[in-house]
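S.K.: Make a model of this:
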Amino acid sequence: MANHIDTQIDIRIKKGDRFCIFHLPGEANCTLIDFSEPHPFSYQPFDNIDEFEGFAVVPFDEATTQGWWFKPVDLWDMPLKTKAKPVTAKPYSRPDISNDADFEAYSNQFQEMMKTLKSGELKKVILSRVIAYQSDAKNYISTLFQQLCAQYPGTFVYLLSTPETGIWMGASPELLLKKQHGTLETMSLAGTRQLDEMDPAQWNAKELEEQNVVSTYIDRLLDQAGVGNYKKNGPAIAKAGLVTHLRTSYQFSEEGIKGKLCEFLKNLHPTPALGGEPKEAALELIKKVETHPRLLYGGFIGPVNSNNINLFVNIRCMQIEDKQVKIFTGGGLTASSDLVQEWNETILKSQTLLSVLNQIEQNEAISNK
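M.R.: Next up, the predicted model:
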């Protein structure tokens, strides 16, 4: 097998094969997996993880979008061939992203959610939107994947292509669940600022509240699972691409949750960082207000085997179609949220992918002259 990412991705895309290539945070190599026929997703394997291997692709709403277990047929470690350098261009917004129709629709949804938040029925809810535009990204998909790896080495960068899911790509900074050497990890990630706002004193009460809601929820789940002796660190400022977040990290022993990991994970997803709190009421409000299906956005994705679990929340992600790209972005609302600030946050988060897309498109345009 030729050990070139470009070649291997291009072959599989053209043939319509089931595969995924991903880069784990901090790793030197990528992993390429070819899949066999998929199986509908269930949580049960996590209670018998010593006998299981697969790749999980789970949507935000399992009631409306099918989740899958993909079984590996072949697996290769592949060094990144790219000599790509991190994007140096300023964050880029296309002229049509912030048009009046998009903002008006977002504003109406924001106001409807704020009524429930201000009534006290909810502490937090996430409002998302889709940024769609014409793009030939499918023609340079391997370059895009490798550029994201170069730009965001501390994130989970993946390219997933299957007949069941379509083509998705992302660079997620948010860990849902990790297992290594008998230790499990998860995190609370919420609140968003620009990179030049690293001073903790700049984080306001709304952002601190937003992050604390997620941490409190994870605290409660661990207590309910009987995991009393866990390590908790944070909140601390964490860089994630072109933005920063507040992050609280959790570590606990695998032994403390034996036989209960299935239930814990089922309760963990989606966390208040993607749904809201109280959970069920927030999910109902999202269904009522949002007009687009979230599909795989806000779900989770990653490889699982007897020794390691690497599941990441599917944020900073996009769906790649013929001649079109759809970027999914969102933010957490509380009773003190401001419309324009929340709108600007969705634009800021979209730059994780848009800045890289723009640079590649500029390079392609120059090379084709």
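S.K.: ok, now how distant is residue 36 from residue 132?
M.R.: Distance, residue 36 to residue 132, using C-beta to C-beta, to the nearest Å: 32 Å. Placement of C-beta: from N, CA and C, glycine included.
S.K.: between these two, who's got more neighbours?
M.R.: Just comparing residue 36 and residue 132: by other C-beta atoms under 10 Å the higher neighbour count belongs to residue 132, 18 against 11.
S.K.: Next up, the contacts around residue 313.
M.R.: Contacts for residue 313 (C-beta atoms under 8 Å, 6 or more residues apart in numbering) come out as 172, 174-176, 189, 270-271, 273-274, 298-300.
S.K.: Quick check, pLDDT for it.
M.R.: Model confidence at residue 313, given as pLDDT, is 98.
S.K.: and the gap between it and residue 293?
M.R.: Taken as C-beta to C-beta, the span from residue 313 to residue 293 is 17 Å.
S.K.: Near residue 334, how many other residues are there?
M.R.: By other C-beta under 10 Å, the residues close to residue 334 number 20.
S.K.: Next up, the contacts around it.
M.R.: Residue 334 makes contact with 117, 123-124, 206, 209-210, 213, according to C-beta under 8 Å, 6+ apart.
S.K.: Let's see that with 10 Å instead.
M.R.: 114, 117-118, 122-125, 205-207, 209-210, 213, 276-277 (C-beta atoms under 10 Å, 6 or more residues apart in numbering).
S.K.: Without its sequence neighbours, what residue ends up closest to residue 346?
M.R.: residue 329 (4.5 Å; C-beta to C-beta, 6 or more residues apart in numbering).
S.K.: Please identify which helix or strand holds that neighbour.
M.R.: strand 324-333 (DSSP states H and E).
S.K.: quick one: the following helix or strand past that strand to strand 324-333, angle?
M.R.: The helix or strand immediately downstream of strand 324-333 is helix 339-367, counting by DSSP H and E. Put simply, helix 339-367 runs at 150 degrees to strand 324-333, going by axes from the mean of the first three to the mean of the last three C-alpha atoms, to 10 degrees.
S.K.: What residues of helix 339-367 count as buried?
M.R.: Within helix 339-367, the residues scored as buried using 16 or more other C-beta atoms under 10 Å are 342-343, 345-361.
S.K.: For the stretch 1-150 of the chain, which segments are assigned as helices?
M.R.: In the stretch 1-150 of the chain, the helices defined using DSSP state H, counting those that start in this stretch lie at 5-15, 100-118, 141-151.
S.K.: Likewise for the stretch 151-300 of the chain?
M.R.: 205-224, 261-268, 279-289.
S.K.: Can you lay out these as a markdown table showing mean pLDDT?
M.R.: Below are those laid out as a markdown table (pLDDT from 0 to 100):
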| stretch | mean pLDDT |
| --- | --- |
| helix 205-224 | 91 |
| helix 261-268 | 95 |
| helix 279-289 | 97 |
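S.K.: Quick one: closest of these to residue 78.
M.R.: Smallest distance to residue 78 across those (C-beta to C-beta): 28.9 Å, for helix 261-268.
S.K.: how about low-confidence regions in the stretch 251-369 of the chain?
M.R.: Scanning the stretch 251-369 of the chain with the threshold set as pLDDT under 70 gives 365-369.
S.K.: one step back: just flag the most distant two among the contacts of residue 313.
M.R.: Using C-beta to C-beta, the contacts of residue 313 span at most 15.4 Å, a distance reached by 189 and 299.
S.K.: Tell me which of those two has more neighbours.
M.R.: Using other C-beta under 10 Å, the more surrounded residue of residue 189 and residue 299 is residue 189, with 28 against 25.
S.K.: Distance-wise, check that one relative to residue 349.
M.R.: Using C-beta to C-beta, residue 189 is found at 12 Å from residue 349.
S.K.: what sits in contact with each of those two?
M.R.: Joint contacts of residue 189 and residue 349 (C-beta under 10 Å, 6+ apart) are 240, 245, 315.
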